[in-house]
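K.L.:
I need the structure of the sequence given here:
(2 chains)
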Amino acid sequence: MNYSVLIPMIVFLIIIFFIGYWSSRKLAGSSNFISDYFLGGRELGGFVLAMTMVATYGSASSFLGGPGTAYTMGFGWVLLAMTQVVTGYFVLMILGKKYAIMARRYNAVTMIDFLKARYNSTAVVLLSALSIIIFLFSAMAAQWIGGARLIESLTGLSYQSALFLFAVSVLVYVTIGGFRAVALTDAVQGAVMLIGTLILLVAVIISGGGISNIMQDLINENPNLVTPYGAEGNLSAAYVSSFWILVGVGVVGLPQIAVRAMSYKNARSMHRALIIGTIVTGFIMLNMHLIGVFARPILPGIEVGDKVIPLIALETLPPWVAGIVLAAPMAAIMSTVDSLLLLVSSSIVKDVYLNYIKPDASLKTIKRMSFGVTGILGVIVFLLALDPPDLLIFLNLFAFGGLEAAFIWPIVLGLYWKWGNKYGAIASMATGIISYIALHFYNIENGNLFGVHTVTLPVVLSLLAFIAFSLLINRQAYDYNAILYRNEKQA
Amino acid sequence: MKETDWRFRVAHREAWIGLGLALFNFVWWFAFAYGLGSRPVEEYTYIFGLPDWFFYSCVVGFLVMVVLVTVVVKFFFVDVPFDEEQEESR
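P.N.:
Next up is the predicted model:
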């Protein structure tokens, strides 16, 4: 076992654990448990907000899969990865102040709370809760497998023990600390990612003999590697551009990101988060994917993409530094997983149980339910990840694009278009998910329709469905201020 | 519908700005990547060792967006309260 790599990682896990414990003590004195556990009491500052968005969004794919593909494809894939810079400012600007104001008026703690209040429809709530539980649960399980594989390849532990280690560390602090623990640890993890990628990039450039040298090696091997079209010349401009929807603007529709856009304290935090988020996202994405490409001449012939980053770190850095740097992908995976875990558990406890099963549950019951459901979910994911069933892998394929196609219009148009109503929202969600799954199979059989990524068409179709159904059935303008008069009457 | 909440006007304007920035970002990214990148590899020039199309599209493009976002946020975004002030808002 490689102790010099392992020790920095264990120290990292202990620090993370400590933060979780510290947040839980704050939680114990809280007067509004639900809002605190699932939303951190709407008091995130700019730095933590930016970091938690970046860390939640940057997952195993940004740190292992993405750079691995860049290793194979060359600069074309770095170009593709840079479409993600837009998420740094777009999500917060689009949801922005209107979302923050409306979420407070509705007293919304989850994205589904928002949809429930806006559309006033049980079908919308249940449909959204169901898609979140199914898709994000699968996405989360896939990340657990990635996390365990990383620990496995670093430490030489068996897959089972690695998974156990991973599961325990995630569960402990999500269960006890809730959203604030997750957001705070995300901030630490984001900082680790930022510094880790910079150290690794410098080490890779030095070991490759400078950028010009690396570039010459790449051109000698295959000139296509330095073009925007990929190693085989098969990355078309249309295909790469369609990633602007999948990993760029479409991210507005991801529930784990959208919930963060209602968690900040005030407009100043939001303004700071916009700037920090843009810088951090761009910096991490650029560095990580460049590392992937630059690794190619240094360590040729790596077959499994996910192994590029661990191997190049062990190759170019002293072991203990490699341990710290590799804590970055570990951090990315953990921070994605913990947010998803919390979100799935909030959908069950808050959106389904409290809304429809037992609205008058006592605070004690809610507390027990929240900790319990989070814990049980963790155990189920652990058991599934031990021997992942095919269905899980299958569902994970739809998690990202499917959720975007389902939620983007009900959220964005629900916020800005007064004619949007529940019929539009239901039609839009159903159209998004169904057309996404159908097109997925079509594209596997026949190649990508119109040469763009699967997500493109379902996003357009769900937009049309939203508009058509809102205007055709029961057309009525929504009054965004109506909730105020109602609140006042009650007061 | 009564008069619109003044904060909504601010919010709507800022959302439009976000959309505009994203469009600008896309055009910059696309134009340099495929405008310069579609030449034969022998004609590429290299800036700080990186292919010119990549340098302008992704490195400069990223820096330009950081500057733009900073300028827009500092000078055009308005600090609004999120909680309801019962009296003033009516």
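K.L.:
And the closest residue to chain B within the stretch 101-250 of chain A, how far from A:R296?
P.N.:
Of all residues in the stretch 101-250 of chain A, A:I211 sits closest to chain B, at 2.9 Å by CB to the nearest CB. All C-beta spots, glycine's among them, are computed from the backbone N, C-alpha and C. With distances taken as CB to CB, to the nearest Å, A:I211 is found 13 Å from A:R296.
K.L.:
With A:I199 instead?
P.N.:
19 Å.
K.L.:
what about the two, which has more around it?
P.N.:
Of the pair A:I199 and A:R296, A:R296 is the one with more neighbours under other CB atoms under 10 Å in any protein chain shown, namely 24 against 18.
K.L.:
Helix or strand for the more buried one, just tell me which one.
P.N.:
Per DSSP states H and E: A:R296 is located in helix A:267-298.
K.L.:
tell me the angle the following helix or strand past that helix makes with helix A:267-298.
P.N.:
On the C-terminal side of helix A:267-298, the closest following helix or strand by DSSP H and E is helix A:308-316. On the basis of axes from the mean of the first three to the mean of the last three CA atoms, to 10 degrees, helix A:308-316 is oriented at 70 degrees to helix A:267-298.
K.L.:
So what's the gap between the helix or strand just after helix A:308-316 and the chain middle?
P.N.:
Toward the C-terminal end, the helix or strand that comes next after helix A:308-316 (DSSP H and E) is helix A:319-346. Its chain's average C-alpha position is 11 Å from that of helix A:319-346, according to CA atoms, centre = their mean, to the nearest Å.
K.L.:
Let me see the mean pLDDT of helix A:319-346.
P.N.:
Within the predicted structure, the mean pLDDT of helix A:319-346 is 81.
K.L.:
Next, the angle from it to helix A:267-298.
P.N.:
Angle, helix A:319-346 to helix A:267-298, by the same axes, to 10 degrees: 130 degrees.
K.L.:
Show me what counts as buried in helix A:319-346.
P.N.:
Buried residues in helix A:319-346, counting neighbours by 16 or more other CB atoms under 10 Å in any protein chain shown, are found at A:321-346.
K.L.:
that older thread, so the residue of the stretch 101-250 of chain A closest to chain B is in contact with B:F54, correct?
P.N.:
No. Counting by CB atoms under 8 Å, B:F54 is not a contact partner of A:I211; they are 11.2 Å apart.
K.L.:
The two - which one has more neighbours?
P.N.:
Looking at A:I211 and B:F54 with other CB under 10 Å, you find the greater number of neighbours at B:F54, namely 28 against 16.
K.L.:
ok, that one to A:E445 distance?
P.N.:
Distance from B:F54 to A:E445, counting by CB to CB: 34 Å.
K.L.:
For stretch A:234-245, measure first residue to last.
P.N.:
Looking at stretch A:234-245, the gap from its leading to its trailing residue is 20 Å under the measure CA to CA, to the nearest Å.
K.L.:
circling back to that earlier point, quick one, what contacts the residue of the stretch 101-250 of chain A closest to chain B?
P.N.:
Residues in contact with A:I211, defined by CB atoms under 8 Å, 6 or more residues apart in numbering or on different chains, are A:I205, A:F294, B:F48, B:G49, B:L50.
K.L.:
Quick check: the two most widely separated of those residues?
P.N.:
The largest distance within the contacts of A:I211, taken as CB to CB, falls between A:F294 and B:F48 and amounts to 13.1 Å.
K.L.:
Same drill for the two, tell me which one is more crowded.
P.N.:
For A:F294 versus B:F48, the count of surrounding residues by other CB under 10 Å is larger for A:F294: 25 against 8.
K.L.:
List the residues that contact that one.
P.N.:
Listed by CB under 8 Å, 6+ apart, the contact set of A:F294 reads A:L201, A:V204, A:I205, A:G208, A:I211, A:I214.
K.L.:
ditto for A:T122
P.N.:
With contact set as CB under 8 Å, 6+ apart, A:T122 has these partners: A:Y356.
K.L.:
Mind doing that once more with 10 Å?
P.N.:
Counting by CB atoms under 10 Å, 6 or more residues apart in numbering or on different chains, A:T122 makes contact with A:K116, A:N355, A:Y356, A:K422.
K.L.:
Distance check, it against A:K422.
P.N.:
Distance from A:T122 to A:K422, counting by CB to CB: 9 Å.
K.L.:
Spell out which residues of the stretch 251-400 of chain A are next to chain B.
P.N.:
On the criterion CB under 10 Å from any CB of the partner chain, chain B has as its neighbours in the stretch 251-400 of chain A the residues A:252, A:262, A:264-268, A:270-275, A:277-279, A:281-283, A:285-286, A:289-290, A:293.
K.L.:
Pretty sure A:G432 sits against A:S128.
P.N.:
No. When contacts are counted by CB atoms under 10 Å, A:G432 is not listed as touching A:S128 (11.4 Å).
K.L.:
Would you mind pointing out the helix or strand the residue minimising distance to the centre of chain B falls in?
P.N.:
Relative to the mean C-alpha position of chain B, the nearest C-alpha, by CA atoms, centre = their mean, is the one of B:L21, at 2.9 Å. With the criterion set as DSSP H and E, the secondary-structure element containing B:L21 is helix B:6-37.
K.L.:
which stretches of the chain have low pLDDT?
P.N.:
Since no chain was named, I'll use chain A. A:1-2, A:24, A:26-31, A:41, A:59-61, A:173, A:176-177, A:392-394, A:396-397, A:488-491 (pLDDT under 70).
K.L.:
my question was about chain B
P.N.:
Filtered on pLDDT under 70, chain B yields the residue ranges B:1-3, B:85-90.
K.L.:
For A:F137, give me its contacts.
P.N.:
A:F137 neighbours (CB under 10 Å, 6+ apart): A:340-341, A:343-344, A:347, A:377, A:380-381, A:384, A:392, A:395-396, A:399.
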